[in-house]
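1. have a look at this prediction, sequence included:
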Number of protein chains: 2
Amino acid sequence: MNDRSHSPGSVRPGGRTARTREAVLSAALDELADNGYAALSVEGVAQRSGVHPATIRRRWRTVEGVMCDALIRTGATELAIPDTGGLQQDLRLFAQAIGGFYTAPRHQAFLQGIVSAASRDPSAGDTLRDTISERLRVASAIIHRAVERGELPPDTDAEEAIAAMSAPFYYRLLVSRRPLDQRLPLISADAVYHAALAGAFSIPGADTGEQGSD
Amino acid sequence: MNDRSHSPGSVRPGGRTARTREAVLSAALDELADNGYAALSVEGVAQRSGVHPATIRRRWRTVEGVMCDALIRTGATELAIPDTGGLQQDLRLFAQAIGGFYTAPRHQAFLQGIVSAASRDPSAGDTLRDTISERLRVASAIIHRAVERGELPPDTDAEEAIAAMSAPFYYRLLVSRRPLDQRLPLISADAVYHAALAGAFSIPGADTGEQGSD
């Protein structure tokens, strides 16, 4: 529902709009990493990117808007959905991708910025919700495929399972505020794997749950 | 390491300090619920509580300091650690308590405020980390008791298990930004229950893990 058409292959490197977007989003992430969320401003992003502030305001409205777009772009390009043919391995690889992504301090700053923005600006909150919803939908292919292979009960709630696997990373970065480590992806992936096998994500009263595309 | 002595029984209702604390923390939560985090100020809390701004600044320094103290108090008084004699039931009750706590809009606003504050102010971040660390330590009694009863492997990482059970609530409130529902406590508790039984939280190379008291 957002900006879904911007899949990795759809960016035309020669397009002026695409170049502007790239410059602005990179500058915003650099500003965040260098100065933190509290200091982020349209003017700072404009100065660093060389794009006029009015252009930024016209297209993204606020720095929160810029961050939402950056979130959409990084989500689309950096977190591939594994398809190894086995659920446990798919979950482990996906968890490692999440852990690897958020190990970068600039991505941690970015996450903290976007969550703070969402708490202060309802439209940033809506964009974050839509972006995450779309990511959960895409990543639930991992669960749908496992159901189709007969590894999981057909009434497994795929999005709840993916949410449960992702949640510990966000909890650690935003709430318990301890550094990520190499155990967390393994723990999170295996916990959800065993929980899903045991039916903990079954939808009450569901017949077959949702199906992936044929 | 924080304010740990403020267990529910230790508040002296007749004490002036205790009354001031109560007035300031309640006023801060009311301000948050009415006006949101962006508008929260020492002056606003002072006006609503009837406590002089200088008194608030002397004791809590900033509104972030007030929120951290409020976090400590609500955590200590409102989330009891169940002890039913069975792991699955303990986890379900604890998850229901978390879900019930955060169903209140004022507690949601409070969480968003404290997480935003932590991202902007390192000392608020430290307090949040210490507070959550202490909560995880207290709540891990649920897991330690299950280990002592022989329900779980002795090398179970109690705090990781409790973190995994709590994380989906924070993920939903802060990241995926959808309303809590009655299924989430059950899903989260049962997922961690089955994962723990399967050894997903085992500490690699651990002999026996940590022990509860005596």
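-> Sure, I can see it. Residues are numbered from 1 along each chain as shown, chains lettered A, B, ... in the order given.
2. quickly find the element holding residue A:25.
-> Here residue A:25, judged by DSSP states H and E, is contained in helix A:16-35.
3. could you dump the next helix or strand after that helix to PDB, C-alpha only?
-> Beyond helix A:16-35 on the C-terminal side, the first helix or strand identified by DSSP H and E is helix A:42-49. Extracted in PDB, the C-alpha atoms of helix A:42-49 (Å, rounded to 0.1, in the frame of the first residue of the first chain):
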ATOM      1  CA  VAL A  42      15.200  18.900   6.700                       C
ATOM      2  CA  GLU A  43      17.800  21.600   6.500                       C
ATOM      3  CA  GLY A  44      20.600  19.200   7.600                       C
ATOM      4  CA  VAL A  45      19.600  16.600   5.100                       C
ATOM      5  CA  ALA A  46      19.300  19.200   2.400                       C
ATOM      6  CA  GLN A  47      22.800  20.500   3.100                       C
ATOM      7  CA  ARG A  48      24.400  17.100   3.200                       C
ATOM      8  CA  SER A  49      22.500  15.800   0.100                       C
END
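4. buried ones in the helix or strand following helix A:42-49, by neighbour count?
-> For helix A:42-49, the following helix or strand on the C-terminal side (DSSP H and E) is helix A:53-60. Judged by neighbour count using 16 or more other CB atoms under 10 Å in any protein chain shown, the buried positions of helix A:53-60 are A:56, A:60. Glycine gets a C-beta too; all of them are placed from N, C-alpha and C.
5. next SSE downstream of the lowest-mean-pLDDT helix or strand in chain A?
-> When the helices and strands of chain A are scored by mean pLDDT, DSSP states H and E, helix A:63-78 comes last with a mean of 74. Using DSSP H and E, the next helix or strand after helix A:63-78 towards the C-terminus is helix A:87-103.
6. can you pull the buried residues of that following helix?
-> A:87-88, A:90-99, A:101-102.
7. next: stretch A:137-149.
-> Going by 16+ other CB under 10 Å, stretch A:137-149 has these buried residues: A:139, A:140, A:141, A:142, A:143, A:144, A:145, A:146, A:147.
8. again, but for stretch A:16-34
-> For stretch A:16-34, by 16+ other CB under 10 Å, it's A:20, A:21, A:24, A:25, A:27, A:28, A:29, A:31, A:32.
9. residue contacts, the residue lying closest to residue A:87 once chain neighbours are set aside?
-> Distances taken as CB to CB, 6 or more residues apart in numbering or on different chains put residue A:146 closest to residue A:87, at 3.9 Å, once the chain neighbours are dropped. Shown in contact with residue A:146 (CB atoms under 8 Å, 6 or more residues apart in numbering or on different chains): A:87, A:90, A:152, A:156, A:196.
10. ok, which pair from these is furthest apart?
-> In terms of CB to CB, those reach their longest pairwise distance at A:90 and A:156, which sit 13.7 Å apart.
11. stretch A:171-189 near chain B anywhere?
-> Yes. Legend: contact between stretch A:171-189 and chain B by CB under 8 Å from any CB of the partner chain is shown at A:171, A:172, A:174, A:175, A:176, A:177, A:178, A:183, A:187, A:188.
12. top of those residues by neighbour count?
-> Counting neighbours by other CB atoms under 10 Å in any protein chain shown, the top entry in the residues of stretch A:171-189 next to chain B is residue A:188, with 30 neighbours.
13. and that one, what is it in contact with?
-> A:95, A:165, A:166, A:168, A:169, B:164.
14. check which helix or strand it maps to.
-> Counting by DSSP H and E, residue A:188 is part of helix A:183-197.
15. now that helix and helix A:87-103, what's the angle there?
-> Angle, helix A:183-197 to helix A:87-103, by axes from the mean of the first three to the mean of the last three CA atoms, to 10 degrees: 140 degrees.
16. can you tell me how far the closest residue to residue A:124 other than its chain neighbours is from residue A:121?
-> Nearest residue to residue A:124, sequence neighbours excluded (CB to CB, 6+ apart): residue A:64, at 3.8 Å. Counting by CB to CB, to the nearest Å, the gap from residue A:64 to residue A:121 is 5 Å.
17. the more surrounded of the two?
-> Higher neighbour count among residue A:64 and residue A:121: residue A:64, with 22 against 19, using other CB under 10 Å.
18. how close does that one get to chain B?
-> 12 Å (CB to the nearest CB, to the nearest Å).
19. what's that residue in contact with, if anything?
-> A:114, A:117, A:118, A:120, A:121, A:123, A:124, A:127.
20. one step back: could the buried residues of stretch A:137-149 be laid out in JSON lines, adding pLDDT?
-> Shown next, in JSON lines, are the buried residues of stretch A:137-149 (pLDDT from 0 to 100):
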{"residue": "A:139", "pLDDT": "95"}
{"residue": "A:140", "pLDDT": "96"}
{"residue": "A:141", "pLDDT": "97"}
{"residue": "A:142", "pLDDT": "98"}
{"residue": "A:143", "pLDDT": "98"}
{"residue": "A:144", "pLDDT": "98"}
{"residue": "A:145", "pLDDT": "98"}
{"residue": "A:146", "pLDDT": "98"}
{"residue": "A:147", "pLDDT": "98"}
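21. what is the burial count for residue A:198?
-> Neighbours of residue A:198 (other CB under 10 Å): 17.
22. just to check, it is in contact with residue B:196?
-> No. Look at residue A:198 against residue B:196 with CB atoms under 8 Å: they stay out of range, at 10.9 Å.
23. output the below-cut-off pLDDT ranges for chain A.
-> A:1-14, A:74-78, A:207-214 (pLDDT under 70).
24. then the helix holding residue A:25 to CSV, C-alphas only?
-> Extracted C-alpha coordinates of helix A:16-35, given in CSV (Å, rounded to 0.1, in the frame of the first residue of the first chain):
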residue,chain,number,x,y,z
ARG,A,16,16.7,12.0,-11.8
THR,A,17,14.0,11.2,-9.3
ALA,A,18,15.7,8.0,-8.3
ARG,A,19,19.0,9.8,-7.9
THR,A,20,17.4,12.5,-5.8
ARG,A,21,15.8,9.9,-3.6
GLU,A,22,19.0,8.0,-3.2
ALA,A,23,20.9,11.2,-2.2
VAL,A,24,18.3,12.3,0.3
LEU,A,25,17.9,8.9,2.0
SER,A,26,21.6,8.4,2.2
ALA,A,27,22.1,11.8,3.7
ALA,A,28,19.4,11.3,6.2
LEU,A,29,21.0,8.0,7.4
ASP,A,30,24.4,9.7,7.6
GLU,A,31,23.0,12.6,9.6
LEU,A,32,21.2,10.2,11.9
ALA,A,33,24.4,8.1,12.4
ASP,A,34,26.5,11.2,13.0
ASN,A,35,24.2,13.4,15.1
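25. much appreciated, bye for now.
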